[in-house]
Each structure stands twice: as structure tokens, then as C-alpha cells.
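Peer 1: coordinates only, sequence not included:
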């Protein structure tokens, strides 16, 4: 039987970035207010294609960094929704470099780090995208490592990505608490061997894939208590 | 410069199954008439998750056959849309075993085969799913090979899938004309080296990924003329 999910049984907390620490949706909504009814379709398609292209390129052995994937998926979403404003494209891409952290993120990461836990981001984002986001949000003071999939040229949920975190942090998977709001990421991380807490921000249905999180919370604010900190 | 896309420069025509030869959407719509407004959401989510789970499981190294993937994605779509009818589940799954060919498929495949071209299906579907679909539709008389990704335990667009077709048919990629209505499949097949014709049945936007089809037609009925048959 696994040890209880408690700070004493952990060496590190590893956070997904987009949707987990950083509020991409709000930033994108602000940039695209002028679109009216088309806004929701554009943003939903952009996000869906961004993930789809990351998976397809990994499967094809056709890796390109996440900045390019994000741009190509935005170009697709704009074309498919008949949106042609080049300034909007620039604004939406720039939003990725000036993201804000969720209100609950900074305090939670800070409290966990104060107990001596290592803290890291493990993200599809390229190193420059992650650096921009943590700097803009002020989270750079609370995060010891920024780990980008770019080092292994494969996207989540390829196991080499999760393995990279264990190597960087030099601790075994079962001493790492992994936090993600993305169900497919949380599932794969649990299957890999991390202790997983799912941040169910949007009240969604968990994926029917092997690998389930041990716990589910709705914001990162609940995490320190959950781990007995 | 590549040889013209003409029957004389080809040894085989390889067809994707679902959405290309077989009309999954109509079958699913017939089964779920009683759902009213929820029908479109359920069917769209089912298809999106079916593809997503095939990609995620391939990336994770967690392959399971397409019948299971199809069932798990249907269970997800039913849960996420609040649909609980177990009889509907059975009917939708059974629809995959009794698919009909698109009206334009049988004649086109038959005319191509009559010129001595080899004909094959290359599909994510498991062997039993493909056998059921070609038997029910009568297409078994027109198809020389049913090639399932199940043999390589990876889903499209992994290159091992496309390679499998070249091995089974014993001909080089550039002598195979590959037909798919799915843009991500058509793109990967072109990138692999097949001669690709995209069957753009739904008037959609082609994906912004490396690898483009040489030609685009709206039904398979236009294929024999396109190849000079």
C-alpha cells in the first residue's frame, strides 16, 4: 500500500503550467473581446488544435517547439472560423508571454516551498515561453526548476517527459506530487508513477484512461492543507 | 519532380475506413435520434475522444485495440453529456459493425481494381471491426487487403502504420495512392511518402501540418477520372 499523500512522504511538487498555474483562457478572452459570437469558437478550436498538433507531431516524429505549435494551431483556428485580423493574431500570441498566475497559485506554491519541498514546472511550453510566464506572474521566486519538454523533443503524455522531471529533480516518481488541471496529463502522470492531484478548475469529467489521480481539488489553494502543510 | 498522379504510376490504392469508405456519422445519427438536442454534442464528443484516446494511448505506450478505445470514448461522451441509456450505448457500438459504404465508394473502388490496381483498407479499426464493416457493406469483394494498425500496436499517424501498408502490399510508398477524408491522416500519409488524395466530404479546412495532399476531391466518385481510369 502506498504511503499517505502527505508532505513528509514527498520531495517535490511539480506543476503543469497552462491551465494549472497560468490562466491562459482569461488572457485570450481579453485579447479577443471584439470578436463577439465567434470568440468562443475561435478560442476552443485554438486550444483543441494546439493539443492535437502536439500529439500528432510527437506521434509522427515531427517535433517542433510549442511556440510554433501554438502559432500553427491559432492560424488553423482563425482560418476555420473566418477570422483574418493579423493584429488579433499578434495579440493572442503575445498573451502567452504575459500570462498571469491564478489567484490561488502563488500563495500555495510559496507555502509548499517554505517547507523545503522542491518546486518545479513541467510543461509543453518552450523554455522562453515558460521564462516569460513565470517572470510576468512573479512566480519565478517560488519555482526552483522550469522543465520544458523541449529537452526531449516529445510532448506530454510521452513517458520521456515525466521521466525528465525525475532526472532533473533527482528524486523517484513516487516522491513527486504532480499537479495538473488537464485530465489527460493527470492520468498519464499517475500511470507513470507520480502522486497526482487533479486541479478540477472547470468541473469537468475525468478521462477514461488508465491512471487516476489520488485526489481532486478545485483550486491550488486547497493543496497545502491536503498535504498537511 | 514526381511522376504525374496517374494510374500508370501506381501499384495500389489504399483507403482509410471510417469517414472515407464507411459512413459512421449517418449510422450513429440513426441510432441516437431520440436524444434530441444532446445528439450532436454526444456524437461530436465521441468522435473527438475516440481520436484523442488513440493518440494519447499511442504516445503513452499504452495501446489497446480500437474496439476498446471506441467504447471508452463513448462512455466518456455519455458521462460528459449526462446520457445514461445502456441500450443506446449498445446500439451505437453495434453501429460500427454494420456500417454502410458511402454511395460513391463501391463503384470507385471496383473501377480502380478492374484496372489491376491492388486495393486495401488501412485503418485504426481492429481486424474484427474491419471484417464486419466490409462484409456488411459488400465492399469485401472489392478490397484485396484489410490492414489493421492492431498488427503494430500503434495508431495513426505513427509512421509504423503507414510502413505496414508498404510491407503488406510489397510496393514502395510512392507507388501507393492513399485516400482519406481525415486531414490529419492525409497529412501524415503525404509526409510519409504516399501519393495522397484528400476526400474533403465535409468542406473543412486542411490541417497546418507538414505534408499536404496532391489533390482534393469531394467524393470518391471523382477518383477514377482523377487517376485517368
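Peer 2: Right, received. Where do you want to start? All values derive from a computational prediction rather than experimental measurement.

Peer 1: helix or strand for residue A:89, which one?
Peer 2: helix A:86-95 (DSSP states H and E).

Peer 1: hang on, I meant residue A:147
Peer 2: strand A:145-148.

Peer 1: re earlier: what does the helix holding residue A:89 rub up against?
Peer 2: A:24, A:27-28, A:30-32, A:34-35, A:46, A:70-71, A:74-75, A:78 (Cβ atoms under 8 Å, 6 or more residues apart in numbering or on different chains). Quick note: C-beta positions are derived from backbone N, CA and C, even for glycine.

Peer 1: again, but for stretch A:186-196
Peer 2: A:2, A:5, A:9-10, A:14, A:156-157, A:159, A:162-163, A:172-174, A:176-180, A:198, A:206-207, A:209-214, B:56, B:60, B:62.

Peer 1: Could you tell me which residues make contact with the spatially closest residue to residue A:201 that is not a sequence neighbour?
Peer 2: Distances taken as Cβ to Cβ, 6 or more residues apart in numbering or on different chains place residue A:181 nearest to residue A:201, at 5.1 Å, with adjacent residues excluded. Going by Cβ under 8 Å, 6+ apart, residue A:181 touches A:16, A:19-20, A:198-202.

Peer 1: Distance of residue A:196 relative to residue B:73?
Peer 2: Counting by Cβ to Cβ, to the nearest Å, the gap between residue A:196 and residue B:73 amounts to 22 Å.

Peer 1: Flag the shaky bits of chain A, pLDDT-wise.
Peer 2: A:1 (pLDDT under 70).

Peer 1: do the lengthiest helix in chain A and chain B meet?
Peer 2: In chain A, taking DSSP state H as the definition, the longest helix is helix A:38-60. Yes. Using Cβ under 8 Å from any Cβ of the partner chain, helix A:38-60 reaches chain B at A:48, A:52-53, A:55-60.

Peer 1: Give the buried residues for the strand holding residue A:147.
Peer 2: Residues of strand A:145-148 classed as buried: A:146-148 (neighbour count, 16 or more other Cβ atoms under 10 Å in any protein chain shown).

Peer 1: same check, this time on stretch A:91-100
Peer 2: Buried-residue list, stretch A:91-100, by 16+ other Cβ under 10 Å: A:92, A:95-96, A:99-100.

Peer 1: With stretch A:191-207 instead?
Peer 2: A:191-201, A:205-207.

Peer 1: Next: stretch A:169-188.
Peer 2: A:169, A:171, A:173, A:175-188.

Peer 1: and these, which of them are in helices?
Peer 2: Reading helices off the buried residues of stretch A:169-188 with DSSP H, I get A:169, A:183-188.

Peer 1: can you give me the strands for chain A?
Peer 2: A:12-15, A:118-123, A:145-148, A:176-180, A:195-199, A:215-217 (DSSP state E).

Peer 1: Run through the neighbouring helices and strands of the last one.
Peer 2: If contacts are counted by 3 or more Cβ pairs under 8 Å, 6 or more residues apart in numbering or on different chains; DSSP states H and E, strand A:215-217 sits against strand A:195-199, helix A:223-226.

Peer 1: Out of the ones you listed, which gets nearest to residue A:82?
Peer 2: Closest approach to residue A:82 among those is made by strand A:195-199 (34.2 Å; Cβ to Cβ).

Peer 1: quick one: the closest one to strand A:176-180, angle?
Peer 2: Between strand A:195-199 and strand A:176-180, the angle comes out at 20 degrees (axes from the mean of the first three to the mean of the last three Cα atoms, to 10 degrees).

Peer 1: Would you check how far apart residue A:153 and residue B:184 are?
Peer 2: Taking Cβ to Cβ, one finds residue A:153 at 20 Å from residue B:184.
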